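Novice: Mind looking at a prediction? Sequence and model below.
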Amino acid sequence: MTKEAIYRIDGITKVYRTGEVEVHALRGVDLEIDSGEFIVLLGPSGSGKSTLVNILGGLDTATEGKVFFRDEEITGFGEGELTKYRRDHVGFVFQFYNLVPSLTATENVSLVTEIARDPMDPAEALEIAGLPRERHDHFPAQLSGGEQQRVAIARAIAKKPEVLLCDEPTGALDSKTGIRVLEALASVNKDLGTTVLVITHNAAVGKMADRVIHFADGQVARIDENETREAPASIAW
Ligand SMILES: Nc1ncnc2c1ncn2[C@@H]1O[C@H](COP(=O)(O)OP(=O)(O)OP(=O)(O)O)[C@@H](O)[C@H]1O
Ligand SMILES: [Mg+2]
């Protein structure tokens, strides 16, 4: 199988300016991410993980440097192009699930499938994300945290994005539910070929990745490549 880069990141810096104060969140990041890879991003708080992922997802812009998504330079995009890029290509999963409380699991996913170009059936997305069928008509308040996160994953994958960006998706979950959520992410990667990036504070999650990118001080400190990927169930929290 030939590898094809989905992202090429070239000398990205990010400086946040608040009045007189400058924060250098990213200090020159170069990275290539292959299509279909499962990447785990680790690093201390404040090291720039979310900033990088937000720039890749078109939620934030870089101060300097270039990011290519396939052969398009997203760092050259205006607001409208970024919105279209996010809508067509990127799924997001955050620590807090942001479901609409008054809608069932199926209806939460339908919010996305109604406006996407070539969406999956909501039931199929929920199935891939691992929500049991008898739960599809439940409201968020009737679901556990892990089940709600699986609805959020279903919502993110239902439009068949090429990349799924996850910022601490298991951050609010205990180990057992966290593992179920990681299993959902692994099956999205395996069954749909979606490129998956997961930010986590749990170094053990790195065992399920193709590559683990260690961040420190706004830079890539080290990249570890795994010869074999472990199943989430074997990961100790
Ligand atoms: N909108 C913002 N305005 C000003 N500073 C910011 C902003 N967003 C992030 N920062 C700063 O940029 C640096 C990197 O933040 P970032 O959120 O990327 O870190 P992180 O690695 O995701 O940390 P955590 O593990 O705590 O989520 C931090 O010093 C942070 O305070
Ligand atoms: Mg963060």
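Specialist: Sure, I can see it. Ligands and ions are numbered 1, 2, ... in the order given.
Novice: which residues are contacting the helix-or-strand element of the chain with minimal mean pLDDT?
Specialist: Across the helices and strands of the chain, mean confidence by mean pLDDT, DSSP states H and E is lowest for helix 175-192: a mean of 90. Contacts with helix 175-192, where a contact means CB atoms under 8 Å, 6 or more residues apart in numbering, come from 36, 38, 93, 128-130, 144-146, 149-150, 153, 157, 160, 164, 166, 169-170, 173, 194-196, 198, 202, 205, 208, 231-233, 235-237. C-beta coordinates here come from the backbone N, C-alpha and C atoms, glycine included.
Novice: near ligand 1, anything from the helix or strand just after that helix?
Specialist: Tracing the chain C-terminally past helix 175-192 and defining elements by DSSP states H and E, one meets strand 195-199 next. No. Judged by CB under 6 Å from any ligand atom, strand 195-199 makes no contact with ligand 1; its nearest approach is 6.5 Å.
Novice: Repeat that for stretch 45-56.
Specialist: Yes. Applying CB under 6 Å from any ligand atom, one finds stretch 45-56 touching ligand 1 at Ser45, Gly46, Ser47, Gly48, Lys49, Ser50, Thr51.
Novice: Now that stretch: average pLDDT?
Specialist: Mean per-residue pLDDT for stretch 45-56: 98.
Novice: Buried residues, that stretch. List them.
Specialist: Ser47, Gly48, Lys49, Ser50, Thr51, Leu52, Val53, Asn54, Ile55, Leu56 (16 or more other CB atoms under 10 Å).
Novice: now these in CSV, with secondary structure and distance to Tyr7?
Specialist: Compiled in CSV, the buried residues of stretch 45-56 are given as follows (DSSP: H, G, I helix; E, B strand; the rest coil; distance: CB to CB, whole Å):
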residue, secondary structure, distance to Tyr7
Ser47, coil, 19
Gly48, coil, 16
Lys49, helix, 15
Ser50, helix, 16
Thr51, helix, 15
Leu52, helix, 10
Val53, helix, 11
Asn54, helix, 13
Ile55, helix, 10
Leu56, helix, 6
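Novice: Spatially nearest residue to Thr113, not counting backbone neighbours?
Specialist: Pro119 (3.8 Å; CB to CB, 6 or more residues apart in numbering).
Novice: Okay, angle between the one helix or strand Arg150 maps to and helix 175-192 too, please.
Specialist: Using DSSP H and E, Arg150 sits in helix 145-157. Calculated by axes from the mean of the first three to the mean of the last three CA atoms, to 10 degrees, helix 145-157 forms an angle of 20 degrees with helix 175-192.
Novice: Can I get the next helix-or-strand element following helix 145-157 as PDB, trimmed to CA atoms?
Specialist: The element immediately downstream of helix 145-157 (helix or strand, assigned by DSSP H and E) is strand 163-167. C-alpha atoms of strand 163-167 as PDB (Å, rounded to 0.1, in the frame of the first residue of the first chain):
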ATOM      1  CA  VAL A 163     -10.300  13.100   9.200                       C
ATOM      2  CA  LEU A 164     -11.500  12.900  12.700                       C
ATOM      3  CA  LEU A 165      -9.900  15.200  15.300                       C
ATOM      4  CA  CYS A 166     -10.500  14.300  18.900                       C
ATOM      5  CA  ASP A 167      -9.400  16.600  21.800                       C
END
